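K.L.:
Starting from these lines, generate the structure:
(one chain, ligands or ions: 1)
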Amino acid sequence: MKDLTNALLSWYAQNGRDLPWRTKGGAAPDAYAVWVSEIMLQQTTVQTVYDYFLKWMKRFPRIEVLAEASIDEVLHAWQGLGYYTRAKKMHECAQIIVQQYGGHFPAQRETLLSLPGIGPYTASSICAFAFNQPETVVDGNVIRVIARLYGIQKAIDKNDIYARAQKLTSQEHGADYASAIMDLGATVCRPQKPLCTICPWVQSCKAVKLGIVEEIPILKKMEKKKKEGVVLAVWDKKCRLFIQKRKGKGLLSGLWELPWTDDGVSFPFQSEWIDKHQKIHHVFTHFDLTLNLYETTVNEIPFCLKEGIFVSKTELSSYAFSTLMKKVLKKLS
Ligand code: SF4
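P.N.:
Numbering: from 1, shown residues only. This is a model prediction of the structure:
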């Protein structure tokens with residue numbers, strides 16, 4: 001095991017990715033930057049997160065600045081990253097860290113787990129990346145590398161992968177090791193056309209010996225629900241669009257939107273609404289949504305709609321919209 005671990009660490013020293021949330025040359029990592037990057041990287045690719053992270057750190061350079069910002073500012077900065085609950089919980093978490101921990105992230109996994117938006121994976125990542133602890137971090141890249149290294153030819157069992165990954169984890173270099181195995185998965189042990197000839201583990205890799213590299217990992221298939229609904233563009237006589245702020249605690253709460261429904265039946269349809277015969281598709285984690293676009297022009301806000309405001313097209317950019325609503329606005333433009 002130690003040979004594999006050391007070979008990977010040596011490879012990382014030469015080939016590790018240069019990412020803005022990482023520190024190099026022995027400098028102490030900034031736990032705040034590690035946390036921001038880890039939350040952004042949930043459900044989002046490194047390429048997308050790269051620019052968002054830089055802009056975020058410019059806007060909220062310290063956790064105190066984030067804690068003091070309004071939720072509207074936070075959601076506005078998060079626009080386009082999707083899964084807005086992450087931003088709301090970050091804001092809540094920042095306030096707790098400032099008020100209860102003097103602005104310093106706790107280094108204990110159990111304490112981290114008690115904070116909003118921090119689950120087992122993020123807690124392990126913060127412990128490894130920010131505090132150099134020998135925590136085992138298992139994401140999609142790590143699953144692929146471990147499954148191939150051990151030539152696992154059955155559907156992935158995450159506990160099994162975790163146990164195998166744990167045995168390889170460096171006790172002394174937790175941060176470098178966690179970064180190294182992720183980088184190996186992202187740049188060498190890629191889903192398609194892996195670069196086995198330059199892999200530090202090629203001599204031990206069972207998938208290579210068996211000639212089945214690209215057949216692994218074998219993932220369980222998930223059936224996704226399909227939902228269909230309606231979105232309504234309400235214009236006033238001055239060509240301003242009706243928008244409302246989503247209430248409640250759901251996925252998109254706090255964001256601005258056009259009136260819409262995802263069950264296809266709960267809208268109180270009115271005869272003057274015009275079917276634009278345009279569809280907007282959006283993929284959520286647990287379901288795929290298709291919205292049918294309708295349009296109407298009114299003198300005043302219809303009684304069947306919730307509270308909202310009319311805004312001109314040029315003012316729309318000052319409001320935080322979800323990616324779904326941005327797609328709707330694009331159709332309208
Ligand atoms: S040798 Fe190839 S398949 Fe095996 S771990 Fe390395 S890159 Fe992945």
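
K.L.:
From now on I want contacts and neighbour counts done on CA atoms only, so please keep to that.
P.N.:
Noted.

K.L.:
Go ahead and confirm residue 205 touches residue 146.
P.N.:
No - taking contacts as C-alpha atoms under 8 Å, residue 205 lies outside contact range of residue 146: 9.3 Å.

K.L.:
between these two, who's got more neighbours?
P.N.:
Neighbours were counted for residue 205 and for residue 146 using other C-alpha atoms under 10 Å; residue 146 has more, 24 against 20.

K.L.:
from what I can see the more buried one touches residue 164, true?
P.N.:
Yes - counting by C-alpha under 8 Å, residue 146 touches residue 164, with 7.4 Å between them.

K.L.:
between these two, what contacts are shared?
P.N.:
Both residue 146 and residue 164 lack any common contact, where contact means C-alpha atoms under 8 Å, 6 or more residues apart in numbering.

K.L.:
Flag every residue of the chain that's near the ligand.
P.N.:
145, 148-149, 188-189, 194-196, 199, 201-202, 205, 207-208, 213 (C-alpha under 6 Å from any ligand atom).

K.L.:
Go through those residues and flag which are in strands.
P.N.:
Among the residues of the chain next to the ligand, no member falls in strands (criterion: DSSP state E).

K.L.:
Which of those are buried, as a ChimeraX select command?
P.N.:
Under the burial definition 16 or more other C-alpha atoms under 10 Å, those of the residues of the chain next to the ligand that qualify are selected in ChimeraX by:
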select :145,148,149,188,189,194,196,199,201,205,207,208,213
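
K.L.:
how far away is residue 218 from the ligand?
P.N.:
Residue 218 sits 14 Å away from the ligand when distances are taken as C-alpha to the nearest ligand atom, to the nearest Å.

K.L.:
what does residue 299 give?
P.N.:
According to C-alpha to the nearest ligand atom, residue 299 stands 63 Å off from the ligand.

K.L.:
Hmm, that residue is touching residue 234, no?
P.N.:
No - if you go by C-alpha under 8 Å, residue 299 and residue 234 don't touch, sitting 10.1 Å apart.

K.L.:
More neighbours: which of those two?
P.N.:
The neighbour comparison of residue 299 against residue 234 (other C-alpha under 10 Å) goes to residue 234, with 22 against 9.

K.L.:
tell me the pLDDT at the more buried one?
P.N.:
On the pLDDT scale, residue 234 is placed at 91.

K.L.:
tell me which element it is part of?
P.N.:
If you go by DSSP states H and E, residue 234 is part of strand 225-236.

K.L.:
What residues sit buried inside that strand?
P.N.:
Burial within strand 225-236, assessed by neighbour count using 16+ other C-alpha under 10 Å, is assigned to 227, 228, 229, 230, 231, 232, 233, 234, 235, 236.

K.L.:
circling back to that earlier point, any residues in contact with both of residue 205 and residue 146?
P.N.:
Joint contacts of residue 205 and residue 146 (C-alpha under 8 Å, 6+ apart) do not exist.

K.L.:
Okay, strands next: where are they in the chain?
P.N.:
For the chain, strands defined by DSSP E occupy the ranges 225-236, 241-245, 256-257, 260-261, 274-283, 287-298, 309-311.

K.L.:
Need the residues that contact stretch 148-166.
P.N.:
135-136, 138, 142-143, 146-147, 201, 204-208, 210, 212-213, 216-220.

K.L.:
Give the bridge partners for residue 260, please.
P.N.:
residue 231 (DSSP bridges).

K.L.:
residue ranges with poor pLDDT in this structure?
P.N.:
The chain contains residues with pLDDT under 70 at 24-27, 222, 264-271, 303-306.

K.L.:
List the buried residues of the longest helix seen in it.
P.N.:
Longest helix in the chain by number of residues, with DSSP state H as the criterion: helix 85-101. By 16+ other C-alpha under 10 Å, the buried positions in helix 85-101 come out as 85-98.

K.L.:
just those now: which is nearest residue 325?
P.N.:
Distance to residue 325 across these (C-alpha to C-alpha) is lowest for residue 85, with 15.9 Å.

K.L.:
For residue 127, give me its contacts.
P.N.:
107, 108, 109, 133, 134, 135.

K.L.:
Scan the residues you listed and report the most crowded one.
P.N.:
Counting neighbours by other C-alpha under 10 Å, residue 135 leads those with 25 neighbours.

K.L.:
That one against residue 128, yeah?
P.N.:
Yes - shown here, residue 135 and residue 128 form a contact pair, counting by C-alpha under 8 Å, at 5.3 Å.

K.L.:
what is in contact with these two at once?
P.N.:
With C-alpha under 8 Å, 6+ apart, residue 135 and residue 128 have common neighbours 174, 178.

K.L.:
pretty sure residue 174 is touching residue 130, no?
P.N.:
No - look at residue 174 against residue 130 with C-alpha under 8 Å: they stay out of range, at 9.5 Å.

K.L.:
hang on, the earlier thing: so which of the contacts of residue 127 sit within helices?
P.N.:
Using DSSP H, the contacts of residue 127 in helices are residue 109.
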